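# Quick one: sequence and predicted model below, then my questions.
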Amino acid sequence: MSTNQKIMRYVVAPILLVALVAGVLLALNAFEFKEVEAEAASVLKKGSSGSLVKTLQTKLKRWGYYTGSVDGIYGSRTVTAVKYFQRSNGLTVDGVVGQKTAQALGMSLSSGSSGGGSYSSADLSLLARVVYSEARGEPYTGQVAVAAVVLNRVKSSSFPNTISGVVYQPWAFTAVNDGQINLTPNDRAWQAARDALNGWDPTYGCLYYYNPKTATNSWIRQKKVHLAIGSHVFCL
């Protein structure tokens, strides 16, 4: 090897190494930007990635809509799961998580956080008992909806600001009046209570519900029905 060739080898090699490192850094930056972009997105859709997508996948998987891996990548399986959730909850079926779908999921598209507030294990236990005693024969979404109504009342200035205050408000719940509130909840009721506390509100803010086949209260029947889930109708 000539002297010139040796010189070229020692000059070119470091340049190639620097170029390789720069390329890797650019790729990492692009990936990080993509994740940040997803964090600040107004919608989540196919091609999105990051922690918001992981939150979405986790919720859908827990509720039985998604069977893929929680990888933070919004691919075809996530699109299918979102459509399944939208179809089951009366939303526009487009596979895109906009504000309405995010609200139904209990997600914030700006931060990835979910609702829930600060609740104790006693609150969870009482909410699970409400679900079981009031809605044990309802579809799972309907059970979450009953728990969500309790939480919506807690947030409303028209009701007590604690779960126990709402549940034990005079004549608020049939299960309290007839003693069924003391029944032991099953696993399904516990999970429905947890999902409501984690922000899932299938009722979109409703404060009342009743079974139109059995309700005898004329006052509640004057409320405008917002949606129906199972045998219950929900009112604002």
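Yes, it's here.
# show me what contacts the closest residue to G68 other than its chain neighbours?
For G68, ignoring the flanking residues on the chain, the nearest one in space by Cβ to Cβ, 6 or more residues apart in numbering is R77 at 4.0 Å. All C-beta atoms are positioned from the backbone trio N, CA, C, and that covers glycine. R77 is in contact with 66-68, counting by Cβ atoms under 8 Å, 6 or more residues apart in numbering.
# rerun that using 10 Å as the cut-off
Neighbouring residues of R77 by Cβ atoms under 10 Å, 6 or more residues apart in numbering: 57, 60, 66-69, 71.
# Distance check, it against L109.
Separation of R77 from L109 (Cβ to Cβ, to the nearest Å) stands at 20 Å.
# picking that back up, C-terminal to the helix or strand harbouring the residue nearest to G68, what's the next element?
According to DSSP states H and E, R77 maps onto helix 76-88. Scanning forward in sequence from helix 76-88 by DSSP H and E, the next helix or strand is helix 99-105.
# how about that next one as PDB, C-alpha atoms only?
This file holds the C-alpha atoms of helix 99-105, laid out as PDB (Å, rounded to 0.1, in the frame of the first residue of the first chain):
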ATOM      1  CA  GLN A  99     -62.300  14.500  20.600                       C
ATOM      2  CA  LYS A 100     -65.600  12.500  20.900                       C
ATOM      3  CA  THR A 101     -63.900   9.100  20.700                       C
ATOM      4  CA  ALA A 102     -61.300  10.300  23.200                       C
ATOM      5  CA  GLN A 103     -63.900  11.500  25.600                       C
ATOM      6  CA  ALA A 104     -65.700   8.100  25.400                       C
ATOM      7  CA  LEU A 105     -62.300   6.500  26.100                       C
END
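# close enough to count as contact, K224 and L207?
No: K224 is beyond contact range of L207, at 11.5 Å (criterion: Cβ atoms under 10 Å).
# Between those two, which contacts overlap?
Counting by Cβ under 10 Å, 6+ apart, the shared contacts of K224 and L207 are 235-236.
# These two - which one has more neighbours?
L207 (19 against 8; other Cβ atoms under 10 Å).
# low pLDDT regions in this protein?
1-41, 110-118 (pLDDT under 70).
# switch the cut-off to 50
The chain contains residues with pLDDT under 50 at 7, 11-12, 15, 18-19, 21-22, 24-40, 111-116.
# All set, thanks.
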